[in-house]
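Colleague: What follows is a predicted structure for the sequence shown.
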Amino acid sequence: MPETLIPHGNVLMANLWQTLQCLQKLHLVIARKYQLNVAEWHCVCALYHQDHQATSDLARTIGWVPTAFTPIIDRLEAKGWIMRVPDVQDRRVVRLALTALAHEHRSHILKDTAAVQKVIRTKLNASDYQTLLDMLKALQTLALE
């Protein structure tokens, strides 16, 4: 990633995209340690936050269209990280549950994620870090509108 921000054109969107690409590379470093790709890693982390999510809900959580999500779930299931579980109240719904393998790696993945967050945090003073969090919160609410 270049040392400076993109100085022309659609500055905000270009810089947000460039930042996203940088974050994806950081996530990939963690994901590869567990033989996962970034999308699979995001799924596992989202299930650590809330296990037994409906497949369509998990797809939306990580920013995928539910209809294009099946191959990711198939790979995670084949690798032994998740299992499909029928919903007890609605048999049309399939829920995704973490396996013993995923639970074994949980503390390591969370530790690796915290280390990346620490690197980001050390680049900013406390005031700038809080401003960043406020800005991210504001941007995330745009997606909900």
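Modeller: Received it, and whenever you're ready, just let me know what you need.

Colleague: Just give me the neighbour total for residue 85.
Modeller: Residue neighbour count, defined by other C-beta atoms under 10 Å, stands at 13 for residue 85. C-beta coordinates here come from the backbone N, C-alpha and C atoms, glycine included.

Colleague: Run through the protein and note the low-pLDDT ranges.
Modeller: With pLDDT under 70 as the threshold, the chain has low-confidence stretches at 1-9, 143-145.

Colleague: Show me where it has its strands.
Modeller: Read by DSSP state E, the chain holds these strands, from start to end of the chain: 53-54, 82-86, 94-98.

Colleague: Put together a markdown table for those strands, with distance to residue 70 on each row.
Modeller: Listed next are these as a markdown table, based on distance: least, C-beta to C-beta, whole Å:
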| stretch | distance to residue 70 |
| --- | --- |
| strand 53-54 | 14 |
| strand 82-86 | 11 |
| strand 94-98 | 10 |
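
Colleague: Which residue, neighbours along the chain excluded, lies closest to the most centrally placed residue in the chain?
Modeller: Computing the C-alpha centroid of the chain and ranking residues by C-alpha atoms, centre = their mean puts residue 42 first, at 3.3 Å. Once flanking residues are discounted, residue 42 sits nearest to residue 62: 4.3 Å by C-beta to C-beta, 6 or more residues apart in numbering.

Colleague: Where do the helices of the chain begin and end?
Modeller: Listed in chain order, the helices found in the chain under DSSP state H are 11-33, 38-49, 55-61, 70-78, 100-122, 126-144.

Colleague: Packing partners of the fourth one?
Modeller: To tie it back to what came earlier, the one meant is helix 70-78. Helix 70-78 makes packing contacts with helix 38-49, strand 82-86 when contacts are defined by 3 or more C-beta pairs under 8 Å, 6 or more residues apart in numbering; DSSP states H and E.

Colleague: Which among the ones you listed is found nearest to residue 75?
Modeller: helix 38-49 (6.2 Å; C-beta to C-beta).

Colleague: Sort out which residues of the closest one are buried, please.
Modeller: Taking 16 or more other C-beta atoms under 10 Å as the neighbour-count basis, helix 38-49 is seen to contain the buried residues 38-48.

Colleague: Alright, I will stop here.
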